[in-house]
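K.L.:
One predicted model, sequence on top.
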Amino acid sequence: MRAVVQRVSRARVTVNTQVTGEIRLGLLVLLGVGRDDTDADAAYLAQKIVGLRVFEDEHGRMNRSVADADGSVLAVSQFTLYGDVRRGKRPSFDAAAAPDQARPLYELFVDRIRAAGLRCETGRFQAMMNVELVNEGPVTILLDSRKGF
């Protein structure tokens with residue numbers, strides 16, 4: 001499972017002009033599910049993101065988690081994180097999980113974030129979405145449950 005995590009001052013997802021998720025201060029998480037991912041991958045990434053210290057403390061150091069900063073999470077499913085362009089210019093998505101496998105893992109990830117006591121908004125799984133954000137910092141972190149990077 002892969003995630004692009006961005007610290008935001010605000011973010012929102014719309015589908016056909018309808019807002020499906022919106023947050024103020026917090027983390028925008030673009031989440032890709034791989035074909036070999038399991039519940040353990042979703043749990044690992046949720047735990048990692050809940051504890052990720054990317055918000056500034058009183059000394060200006062990135063030392064606070066999203067919960068410490070009284071922030072929220074916006075989780076957006078994005079299978080294109082598994083796009084492979086090593087053999088050309090058109091991405092192959094062979095490593096991405098099929099929707100029937102990816103949806104429950106995405107939902108488990110969201111459930112784990114909420115179980116940690118955080119507000120977690122979402123996009124709409126398998127929909128064409130517009131994502132708007134103000135990346136604060138900018139701070140962008142790449143995570144992989146298999147620790148590939």
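P.N.:
Nice, I can see it. What you see is a predicted model, and the numbers here were worked out from it, not measured in a lab.
K.L.:
Do a quick rundown of the strands in this structure.
P.N.:
2-15, 18-23, 26-32, 55-56, 62-64, 72-77, 120-122, 130-144 (DSSP state E).
K.L.:
And the first one, what does it pack against?
P.N.:
For strand 2-15, the packing partners by 3 or more CB pairs under 8 Å, 6 or more residues apart in numbering; DSSP states H and E come out as strand 18-23, strand 26-32, helix 39-51, strand 72-77, strand 130-144. Just so you know, the C-beta spots here come from the backbone N, C-alpha and C atoms, and that holds for glycine as well.
K.L.:
Tabulate the ones you listed in CSV, adding columns for mean pLDDT.
P.N.:
Listed next are those as CSV, based on pLDDT from 0 to 100:
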stretch, mean pLDDT
strand 18-23, 98
strand 26-32, 98
helix 39-51, 98
strand 72-77, 98
strand 130-144, 97
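K.L.:
any chance of those in CSV, with distance to Arg119 and mean neighbour count too?
P.N.:
Conversion of those to CSV gives the following (distance: least, CB to CB, whole Å; neighbours: other CB atoms under 10 Å):
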stretch, distance to Arg119, mean neighbour count
strand 18-23, 7, 16
strand 26-32, 8, 26
helix 39-51, 12, 18
strand 72-77, 4, 25
strand 130-144, 16, 14
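K.L.:
Find the centremost residue of the chain, please.
P.N.:
What sits nearest the mean C-alpha location of the chain, by CA atoms, centre = their mean, is Val29, with 2.0 Å.
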